[in-house]
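> pasting the structure only:
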């Protein structure tokens, strides 16, 4: 191959790359030297180093590589949107000043960005103090962190005040938090129309008050939050919550254990589903609210039960076993 034979755009897969990928599928592996002339295969994630020999490259299923690329693209888009929100916040005072000079009455903007945990909690407390009907909440507490006692007490106080005004509280958690001490302490103390359910996976943290104001994270570490008052967006978020709520398993006031087919727990089935989709151990742990070590223990049990000798083989055996097809039969 000549030096210029591989010149093409970063989003393209050339004929040479396609041919070499098909060869890798047939042979099961390639050497790094064989793949050196077609870097697009590595860039697209269609080849990955072998665990036993770093000089050997093994093919990755095209569906798995595509999911990884799309996930990375979605994360880049989310980062851009967070930057847009910060820019909008910085221009907010200038736009309001222009409106005041023009004699336009001040109105609450459809979006506000709050930075810092104290400022976020202050904004939530202010909105919640004005609420009288309901609070819809999705809670995602990572297993490697603990809720500070101050914030736990503040959340209890806010919820109870809403309940005392005749409102209701509906909360969604991940299944991994069904037995968390802080969760049970929370519901032992609250009095009123309060209910909680759980799912294997939930969206990012969400708070909706009286179906008119919503709060969502605007940064990965949750130190920046976006306050939303746009009616269409708030309605969309309420719809997402309602659909997740109807799919969820009751936890409080009447606890129900998630159903499971014989020999497989709901958590293991959730892990098996994500394995087939090509997610890494870290992705699986993050999405299911557990630490990486626990996720790997479950993966090892799945591999032992199916007689798998490798990660790629495990995904294949899960698909062939039909264990994921049993999910609908037990719901």
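On my side now, so go ahead. None of these values were measured; they are calculated from a predicted model.
> gap between the helix or strand where residue 94 lies and the chain center?
Per DSSP states H and E: residue 94 is located in helix 62-101. Mean-position distance between helix 62-101 and its chain equals 17 Å (CA atoms, centre = their mean, to the nearest Å).
> nearest spatial neighbour of residue 226, skipping sequence neighbours?
Sequence neighbours aside, residue 218 is the residue nearest to residue 226 in space, at 4.4 Å (criterion: CB to CB, 6 or more residues apart in numbering). The C-beta positions use only the backbone N, C-alpha and C, and glycine is treated the same way.
> and if you look at residue 169?
That would be residue 194: by CB to CB, 6+ apart, it lies 4.5 Å from residue 169.
> hang on, the residue nearest to residue 226 packs against residue 224?
Yes: the pair residue 218 / residue 224 is scored as a contact, 4.2 Å apart, by CB atoms under 8 Å.
> Who are the packing partners of the helix or strand just after the helix holding residue 94?
Next along the chain after helix 62-101, taking DSSP H and E as the criterion, comes strand 111-115. Judged by 3 or more CB pairs under 8 Å, 6 or more residues apart in numbering; DSSP states H and E, the packing partners of strand 111-115 are helix 62-101, helix 117-129, strand 224-228.
> Give me the three-state assignment for residue 282.
helix (DSSP: H, G, I helix; E, B strand; the rest coil).
> Could you measure from the residue nearest to residue 226 over to residue 79?
Distance, residue 218 to residue 79, by CB to CB, to the nearest Å: 10 Å.
> do the same with residue 47
27 Å.
> Tell me which of the two has more neighbours.
residue 47 (27 against 12; other CB atoms under 10 Å).
> if we can go back for a sec, of the helices and strands packed on strand 111-115, which is nearest residue 183?
Closest approach to residue 183 among the helices and strands packed on strand 111-115 (CB to CB): helix 117-129, 19.1 Å.
> residues making contact with that closest one?
Taking contacts as CB atoms under 8 Å, 6 or more residues apart in numbering, the residues outside helix 117-129 that touch it are 112, 114, 135, 151, 154, 158, 161-162, 207, 209, 213, 215, 222-225, 227.
> So in that sheet, which strands flank the helix or strand just after it, and in what orientation?
Using DSSP H and E, the helix or strand that directly follows helix 117-129 along the chain is strand 134-138. Next to strand 134-138 in the sheet, as set by DSSP bridges, lie strand 168-174 (parallel), strand 206-209 (antiparallel).
> In the longest one, which residues are buried?
When neighbours are counted by 16 or more other CB atoms under 10 Å, the buried residues of strand 168-174 are found to be 169-174.
> residues contacting residue 136?
With contacts defined as CB under 8 Å, 6+ apart, residue 136 is in contact with 170, 206-208, 211, 238, 241.
> what about the helices in the stretch 201-331 of the chain?
231-247, 266-276, 281-288, 292-306, 311-321 (DSSP state H, counting those that start in this stretch).
> How far away from the center of its chain is the second one?
Here the centre of mass of C-alpha atoms in helix 266-276, compared against the chain's by CA atoms, centre = their mean, lies 15 Å away.
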